[in-house]
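A.B. asks: structure, please.
(chains A and B, ligands or ions: 1)
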Amino acid sequence: MRYTPHTQADIDAMLSKLGISDISELFGGIELPKDSPKRGLDISGLSAQETERSLKRLAAKNKVYDTVFLGAGAYKHYIPPVVRHIAANPRFVTAYTPYQPEMSQGILQAIFEYQSCITRLTGLDASNASMYDGATAAAEAVLMCAGGGGDVLVSEGVNPDVIAVIETYLSGVGRTVTKIPLGADGLTDIEFVKARLSTAACCLISQPNYLGNIEKAKTLGGLLNGAGVGYIMHVYPMALGVLASPSECGADFATGEGQPLGMPLGFGGPYLGFIAAREKYIRKMTGRIVGATTDKDGKIVYVLTLQAREQHIRREKASSSICSNEALCALTAAVYLSAIGKRGLAEVGEACLSKAHYLADGLQKAGLKLKYKDTEFFNEFVTVSDPADAELSADRILRRLRRRGILGGLRLSKTELLWCATELNTKDEIDGACRVISGRGGRG
Amino acid sequence: MSLIFEKSVDGRRGVTFSALDVPKYTLPPDAEYLRQSPAVLPEVSELDLVRHYDGLSSKAYGVDSGFYPLGSCTMKYNPKLCEDTAALDGFCQIHPLQGGLSAQGCLEAAYLLTEYLGRITGMDCGTLQPAAGAHGEFTSLLMIKAYFKSIGQNRTKIIVPDSAHGTNPASAAMAGFEVVNIPSDCDGFVDIDALDAAMDGGVAAFMLTNPNTLGLFEKNISKIAGIVHGRGGILYYDGANLNAVMGISRPGDLGFDIMHINLHKTFATPHGGGGPGAGPVLCKEFLGGFLPRPTVVKDKNGRYSLKDGVRGGKSIGKTRAFFGNFLVCIKALTYITALGAEGITDAARKAVLNANYMRALTSEFLPVGSGACMHEFVASCEELKRDSGVSALDVAKALIDCKMHPPTIYFPLIVHEAMMFEPTETESKQTIDAAVAALKQIIETAKTNPESIKSAPVSTPVGRPDEVKAARKPVLRF
Ligand SMILES: Cc1ncc(COP(=O)(O)O)c(C=O)c1O
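C.D. replies: The predicted structure is shown next:
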């Protein structure tokens, strides 16, 4: 398949303008290795039709689960068709970063609206235009907060991938993470934080945490604010219709994975990192930011602004090297949030909460126990099975569910599973899965 | 155009959810973790939403709208076929943690793309984890750091030419290196004496963009490789400009040790108004152990799996959750599968033909630097500005009124009043002819009636923004 429009007549005319007889002459000046190893490209091109077939064959080697009880950082939520359709508009899809504001007002306004949505979700003052994903958003928030030195406290209740990315980002500047352990209740140990307030630069927790438990984020915020320690909350956006906003908890930064806001699972990407901050951090903020100004006639114009923070101006002194971000994902999230609206956000949060509790009840009836039975959770929770009951081991449960086309929770150990429910899981699905586990659905 | 927030009407609903079919669970009403004031999101109908974004899209401009010769950005046509394959349920509905056995197609796709990119670049191994070019640079630089640590050498500096993209020095600083800037000559070529002087035992790597940011193929690569390798350093290739050389010359064969690629440039994945892109890193075997974890491996039964600790297991860790912008990778894989080796070489040749043709036409009325270019060329408006007061910015704004996207301006920094044109291979001679005719007309008008050019654009919904005001009094949300 070719996507080049040149006819032979075009090529001839162009070559003649250049005064040469073959395109190869244009490559005359380039140094080619003397003893090229000639490991050839060896890729035979296909027609469009064959290419499509070949990719479809690859896709068919994956198992698409209709029923999913797995979250742990990537979530299957309802994606309204209108979101997909709007985000597929070629004028959004095929544009570059809006360097020419006069002809890019559509993209710039869409991002300004995205930033507005994120500030409303988090209650904070400003959002940037997007980050690569939630983990890198958290990592860059840590870099912004901890730049002046001091301990970086990160709760063990944060998604392990997010912690890993923070550690990698910090390793560049020779810094490490101090992990805050979880108590027996599955919540961040606040006493541990208290004992380290005097040497800490910042503290990052996840709300709800990786195990689904709802952290005492406001109590922690009071402590951190009082001690002048930067407070970063890594939040699940779908919970923000129900759970206190980062602003209400006293956070300086809110970060999170925006994938649930209209993006498919997609084997892990592209996703959307969001980051919001209090006013005093705006001029240190990482990444692109869209702002409103006026033209000479006083009309409102949206532009990329505060660029003095960025790599193309500051080079090695920039606040980050981020250039391309995840603009189309940000637009998607803004469409999603506008589509469901204020009430929808609360409703979807309540649905996630209620379905997860219904699932937890069912799993308990099927013979599993809740690991943190006295701690409130949002839409994820951990079950434990009796080690003596081989039928209820994590592997057996997952296998039995898989045979019925159900994707179970994440295996944490031989006896522990991390489950997730969203508004997409119906009562029938949940009942069915619990029947399979209890054996009433036929063991196998 | 009013904001979606301004169209909101209290109580209006767009998308609604199914009624709750399980008992409603309520958290303890006095708990500290309940939200007190709701997130005031827009309340609009689905039709309001559709019309709002239709309005916004009419004020946006993509490759699908018209010519987009934005230099260093490779704004080629993004085949619709790639959009379709990346939208297949068999890719979109796959959970990243669902287990390799039920995601063999995803793992095979990732393996294949890494393999193809290795063949195209002459590198041995790689990762698809980085989400963009700058992210690939950052990942590579951390790998370089880990490599020197592993062999007990303390190298703290990275050399970057002054013609490099801003992300190069910024990524080096993020990775904890000291940046040493060296000058380039007027064609953007590396100043060999400056490199030679700067390249001491404390330098970890030299970052080179090739073709350079003036669109020229670096002429002294083997000499450069000799200097850098001779003093134990690593040679880094910024592959953002690979479009001109894919299928023709391979960085791995020229002595480069590690590089990143922008799939959202060379491999036709759309740029989405600023992402998502993807910035895979490819490297030689000796650096492979430092790649981010996990790695996709293929066993002798042809089965794929994700493994940590591959190639000696000194991984830098993770630079992103999961495995990268996977669906973007599917688009690039589709593109490479369709083009094949011949199509890839053909695309590079036509990209270079188009750029040289456009350069030749432009050279009749603007200085364009010397010698044949690769995929892009830089013209200068310095003389024009001196004679007429019309700057590169003014010319760019006037081009908008000609219904095309302007070139990149004021980059690279080493050319004054720079305008960097990259037509790409998917544009026809006729499109290029029309664009150059428009440019010529603007330059002529600038000499006789500069004011008319300085007041451009006039055909857009808004005029030039007051950027100083935007930065001085930031208004960043509704
Ligand atoms: C030469 C060069 N290097 C690096 C980059 C950074 O790529 P990205 O925007 O994907 O981070 C660019 C993009 O403009 C570039 O042109």
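
A.B. asks: just the pLDDT for the closest residue to the ligand within the stretch 1-150 of chain A.
C.D. replies: At 7.6 Å from the ligand, A:Thr97 is the closest residue in the stretch 1-150 of chain A, using C-beta to the nearest ligand atom. For the C-beta atoms, the positions are set from N, CA and C on the backbone; glycine is no exception. For A:Thr97, the pLDDT comes out at 97.

A.B. asks: you'd agree it is in a helix?
C.D. replies: No - the assignment for A:Thr97 by DSSP: H, G, I helix; E, B strand; the rest coil gives coil, which leaves it out of any helix.

A.B. asks: hang on, it packs against B:His271?
C.D. replies: Yes - using C-beta atoms under 8 Å, A:Thr97 is in contact with B:His271, at 7.2 Å.

A.B. asks: residues near B:Ser58, how many?
C.D. replies: For B:Ser58, the tally of surrounding residues (other C-beta atoms under 10 Å in any protein chain shown) stands at 14.

A.B. asks: okay, it and A:Gly106: tell me how far apart.
C.D. replies: 7 Å (C-beta to C-beta, to the nearest Å).

A.B. asks: what touches both of these two?
C.D. replies: A:Arg91 (C-beta atoms under 8 Å, 6 or more residues apart in numbering or on different chains).

A.B. asks: quick check: residues of chain B near the ligand?
C.D. replies: Applying C-beta under 6 Å from any ligand atom, one finds that chain B approaches the ligand through B:72-73, B:132-134, B:165, B:167, B:209, B:238, B:240-241, B:262, B:277, B:279.

A.B. asks: by neighbour count, which of those residues wins?
C.D. replies: Going by other C-beta under 10 Å, B:Gly279 tops the residues of chain B next to the ligand with 34 neighbours.

A.B. asks: with adjacent residues omitted, what lies nearest to it?
C.D. replies: B:Gly136 (3.1 Å; C-beta to C-beta, 6 or more residues apart in numbering or on different chains).

A.B. asks: ok, the longest helix seen in chain A near the ligand or not?
C.D. replies: Determined from DSSP state H, the single longest helix within chain A is helix A:327-365. No - shown here: helix A:327-365 not in contact with the ligand (C-beta under 6 Å from any ligand atom), separated by at least 11.0 Å.

A.B. asks: buried residues in that helix?
C.D. replies: Under the neighbour-count criterion of 16 or more other C-beta atoms under 10 Å in any protein chain shown, helix A:327-365 has A:327-363 buried.

A.B. asks: check which helices and strands that helix is in contact with.
C.D. replies: In this structure, helix A:327-365 packs against helix A:81-87, helix A:90-93, helix A:105-122, strand A:380-384, strand A:416-420, helix A:427-438, helix B:46-57, with contacts taken as 3 or more C-beta pairs under 8 Å, 6 or more residues apart in numbering or on different chains; DSSP states H and E.

A.B. asks: mind checking if the helix or strand of chain A with the lowest mean pLDDT is in reach of chain B?
C.D. replies: Every helix and strand of chain A was ranked by mean pLDDT, DSSP states H and E. The lowest is helix A:311-314, at a mean of 86. Yes - using C-beta under 8 Å from any C-beta of the partner chain, helix A:311-314 reaches chain B at A:Gln311, A:His312, A:Ile313, A:Arg314.

A.B. asks: and that helix, how far out from the chain's middle?
C.D. replies: Between the centre of helix A:311-314 and the centre of its chain there are 26 Å (C-alpha atoms, centre = their mean, to the nearest Å).

A.B. asks: surely A:Val152 touches A:Thr178?
C.D. replies: Yes - at 6.4 Å, A:Val152 counts as touching A:Thr178 under the criterion of C-beta under 8 Å.

A.B. asks: got any residues that touch both of these two?
C.D. replies: Shared contacts of A:Val152 and A:Thr178, counting by C-beta under 8 Å, 6+ apart, come down to A:Ala200.

A.B. asks: do a quick rundown of the strands in chain B.
C.D. replies: Ranges of strands in chain B, per DSSP state E, are B:125-127, B:157-161, B:178-182, B:203-209, B:234-239, B:258-261, B:281-283, B:295-298, B:304-307, B:377-380, B:408-409, B:418-421.

A.B. asks: with the stretch 201-350 of chain A instead?
C.D. replies: Here the stretch 201-350 of chain A has its strands, by DSSP state E, counting those that start in this stretch, at A:230-235, A:253-257, A:273-277, A:290-294, A:300-304.

A.B. asks: what's the neighbour count on residue 255?
C.D. replies: Assuming you mean chain A. Number of residues near A:Thr255 (other C-beta under 10 Å) recorded here: 30.

A.B. asks: that was the other one, I meant chain B.
C.D. replies: Neighbours around B:Gly255, by other C-beta under 10 Å: 18.

A.B. asks: what residues are up against B:Gly126?
C.D. replies: B:Thr114, B:Leu117, B:Gly118, B:Pro280, B:Val281, B:Leu282, B:Cys283, B:Leu291.

A.B. asks: am I right that B:Leu366 is in contact with B:Phe377?
C.D. replies: No - using C-beta under 8 Å, B:Leu366 is not in contact with B:Phe377; the gap is 10.3 Å.

A.B. asks: between the two, which one's more packed in?
C.D. replies: Neighbour count, other C-beta under 10 Å: between B:Leu366 and B:Phe377, B:Phe377 has more, with 27 against 20.

A.B. asks: quick one: the more buried one from chain A, how far?
C.D. replies: As judged by C-beta to the nearest C-beta, to the nearest Å, B:Phe377 and chain A stand 12 Å apart.

A.B. asks: partners of that residue in the sheet?
C.D. replies: Beta-bridge pairing for B:Phe377 (DSSP bridges): B:Phe421.

A.B. asks: need the contact list for B:Thr460.
C.D. replies: So B:Thr460 contacts A:Glu102, A:Met103, A:Gln105, B:Ile400, B:Asp401 (C-beta under 8 Å, 6+ apart).
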